[in-house]
Structures are given as C-alpha cells and as structure tokens.
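>>> quick check, what structure comes out for this input:
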Amino acid sequence: MKAQVRSEKIKGDFIHMVFFWLKNPENQNDSMSFEKALNKFIDTNTQVVGAHIGRPAATDRPVIDNSYTYSLVVTFPDLETHDAYQTDPTHVAFIEEAKSLWDKVLIYDSSAI
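As a prediction, this is how the structure comes out:
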C-alpha cells in the first residue's frame, strides 16, 4: 500500500502565473537566450518567495491549453510585494532583455482565500 502524502501549502499568498509565446519557438538560440534571461531574473529578484519555470507538459485533454512556449509561476507573500516586484529593476531589465523574443504574454494572478 502506498503511503499517504500530505500536500504542503504553496509558499506565498499571492501567485503570479505568466505564460509566454515566443516568436520563434523552434529556434534554439532564441530559447537559450530567453531561458538565460529568465533564470538570471529569478535568481536575482528579492521579492519572489517561490518560483517555477517550465514548458508545456506532455498532457492532452480538451481543457488543457499547451500552446505557450514557457511558463513562469512566482509567489509573493502579499499583493504589496507583488506590486513592488512590478517596478523592481530586475523585472524591468528582464522585460527589456527578453521582450523582443516573445509574441504574446498572458498573466493570471491569484490571491489565497
């Protein structure tokens, strides 16, 4: 019998989910440049308390949108920290460095209940 695993609450009460569609998703140089910029940003930003960088999973159900190229999920302790993140120099620098690589960005924000 498999042991019951208790799930842990995600660190941070504010979740910021960002989905990127690159202009040239098959271009390896563009992908490497985007990943480098994104990792540098996450590694240097001080507001983020949790982060996940990913690509679409190999899942296939009618309710799944896996048309994006990259996802970024970051968590913050609260809305005020998220708001500070929006104008933080690391965030601004990431946008300037990587915006030429993407065609579309879609964001979903969520606050804990």
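
>>> name the next helix or strand downstream of the longest helix seen in the chain, please.
What stands out as the longest helix in the chain, according to DSSP state H, is helix 28-44. Using DSSP states H and E, the helix or strand that follows helix 28-44 towards the C-terminus is strand 50-54.

>>> now do the buried residues in that next one.
Going by neighbour count (16 or more other Cβ atoms under 10 Å), the buried part of strand 50-54 is Ala51. For the C-beta atoms, the positions are set from N, CA and C on the backbone; glycine is no exception.

>>> again, but for stretch 12-25
Within stretch 12-25, the residues scored as buried using 16+ other Cβ under 10 Å are Gly12, Asp13, Phe14, Ile15, His16, Val18, Phe19, Phe20, Leu22, Pro25.

>>> circling back to that earlier point, avg pLDDT for the longest helix of the chain?
In this model, helix 28-44 has a mean pLDDT of 96.

>>> helices and strands around it, which ones?
Here helix 28-44 touches strand 14-22, strand 50-54, strand 70-76, helix 89-98, going by 3 or more Cβ pairs under 8 Å, 6 or more residues apart in numbering; DSSP states H and E.

>>> partners of the second one, with directions?
Same thing as strand 50-54. strand 70-76 (antiparallel) (DSSP bridges).
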